[in-house]
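Trainee: Here is a sequence with its predicted model. Questions after.
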Amino acid sequence: MSDDGREQEIYLDHNATTPLDEQVLEAMEPFLRVAFGNAASVQHGYGRAAAEAVERARAEVADLLGVSPREIVFTSGATEANNLAIKGLALAATDRRHLVSCVTEHPAVLEPLAWLGRHGFEVDLEGDYVGRVSGRMAELFMGIVGSHPDFEAGVFTSVHIDDNFSIVVDTHGGRHLDTDFELNGASQRALTLSFIWALMEVSGTTVPRIIDTPLGMVSGGVKTRMVDSITMPSSGELPDFQVVLLMTRSEIRDIEGLLDERAGIVRTLSNSHHYPEDLVYSWHVDHPMSRLCSCTHRQSCRICARRYDERHGIEFRDMEATV
């Protein structure tokens with residue numbers, strides 16, 4: 001409501017189109033009023049001036065993005081850009097003929113997909129991928145944090161992906177928790193890992209899954225359940241996941257039994273700059289370097305032996321177990 005009592009409209013569709021920014025108007029005005037030539041008509045001065053301006057703009061955008069000007073392609077809008085990207089990539093990749101999208105996509109995406117479908121491509125429009133990821137993520141997360149929706153003393157009742165593709169964590173009374181401020185570090189790690197894991201499972205990806213120190217800020221039962229979830233042998237006809245865990249000695253502590261049972265290959269990576277504070281033996285090098293040895297999580301050698309290892313039951317092998 002304005003000061004004079006009249007109703008004012010509020011525009012809420014900036015995702016579709018926006019009013020022209022004053023700086024853009026100022027930059028474009030000379031080419032709308034004076035240098036209005038067609039950049040494709042380089043046979044005369046008006047066209048050449050416009051073409052030079054386009055190339056200057058192309059160079060500026062390329063510099064901003066850190067790419068070559070030849071990689072910048074200007075289009076008239078999102079629909080043309082979508083058609084160029086989807087059709088161009090699909091037609092260039094002659095060995096890939098299967099396209100997957102979802103039914104909720106914009107027509108500017110669905111229509112070029114339909115065109116490709118009429119020209120020999122297999123196109124699948126899936127509507128349940130998000131729901132499947134959401135359900136699997138919830139199952140993993142609730143299991144890792146050890147929560148049950150019917151347990152009144154528990155913190156979490158459910159977790160899901162909403163219509164805006166945001167991850168929502170629910171608690172009692174129908175309230176949503178702020179994942180940035182109301183989840184502790186362990187729960188945040190569990191949520192992130194559950195989402196990524198669910199995404200890979202639903203996508204059917206079979207490449208190695210490399211998890212870099214997933215156990216920071218995680219301890220006790222949560223740590224054990226997290227490692228148990230991501231190293232659990234597959235059921236049915238699915239192949240076991242190839243999981244690569246990069247963990248510190250402290251993160252390994254208390255899950256040695258799981259690693260004994262499920263780890264196929266264990267290697268230890270050490271760095272010379274940890275001597276003499278952490279490493280027991282000097283490598284006699286004049287610059288920092290890393291070395292790999294064949295020690296498991298229950299062993300040490302003259303390469304990787306650390307102070308206080310014996311307190312944690314680490315077996316010392318008096319050798320350099322170089323791989």
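Mentor: That came in fine, so what should we check first?
Trainee: Give the buried residues for stretch 170-177.
Mentor: Within stretch 170-177, the residues that count as buried by 16 or more other C-beta atoms under 10 Å are 170, 177. Placement of C-beta: from N, CA and C, glycine included.
Trainee: Check stretch 286-299 too.
Mentor: Neighbour-count burial for stretch 286-299, counted by 16+ other C-beta under 10 Å, picks out 291, 293-297, 299.
Trainee: Looking at those, which two lie furthest apart in space?
Mentor: Put simply, by C-beta to C-beta the two of these set farthest apart are R291 and H297, 17.0 Å from each other.
Trainee: can you tell me which of the buried residues of stretch 286-299 are in helices?
Mentor: If you go by DSSP state H, these have nothing in helices.
Trainee: Return the member of these nearest to H106.
Mentor: Taking the buried residues of stretch 286-299 together and measuring to H106 by C-beta to C-beta, the closest member is H297, at 49.7 Å.
Trainee: how close does the closest one get to L258?
Mentor: Noted for H297: a distance of 10 Å to L258, by C-beta to C-beta, to the nearest Å.
Trainee: do L113 as well
Mentor: Using C-beta to C-beta, L113 is found at 44 Å from L258.
Trainee: who has more neighbours, these two?
Mentor: The neighbour count for L113 versus L258, taken as other C-beta atoms under 10 Å, is higher for L113 (20 against 15).
Trainee: per-residue pLDDT, that one?
Mentor: Predicted confidence (pLDDT) at L113: the value is 90.
Trainee: Check which element follows the helix or strand where it lies along the chain.
Mentor: Secondary structure from DSSP states H and E places L113 in helix 107-117. Of the helices and strands lying after helix 107-117 in sequence (DSSP H and E), the nearest is strand 122-125.
Trainee: Give the buried residues for that following strand.
Mentor: In strand 122-125, counting by 16+ other C-beta under 10 Å, buried: V123.
Trainee: tell me the mean pLDDT over it?
Mentor: According to the model, strand 122-125 has a mean pLDDT of 81.
Trainee: starting at the chain centroid, how far to the helix holding L113?
Mentor: Offset of helix 107-117 from its chain centre (C-alpha atoms, centre = their mean, to the nearest Å): 26 Å.
Trainee: Determine the set of other helices and strands touching it.
Mentor: Here helix 107-117 touches helix 78-92, strand 98-101, strand 122-125, going by 3 or more C-beta pairs under 8 Å, 6 or more residues apart in numbering; DSSP states H and E.
Trainee: Mind putting those into TSV with distance to V218?
Mentor: Rendered in TSV, the data for those read as follows (distance: least, C-beta to C-beta, whole Å):
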stretch	distance to V218
helix 78-92	40
strand 98-101	34
strand 122-125	37
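Trainee: Would you mind telling me which of these is nearest G204?
Mentor: In terms of C-beta to C-beta, the element of those nearest to G204 is strand 98-101, at 10.5 Å.
Trainee: just checking, what packs against the closest one?
Mentor: Against strand 98-101 (3+ C-beta pairs under 8 Å, 6+ apart) you get helix 107-117, strand 122-125.
Trainee: helix or strand right after the last one?
Mentor: Per DSSP H and E, the first helix or strand lying C-terminal to strand 122-125 is helix 129-144.
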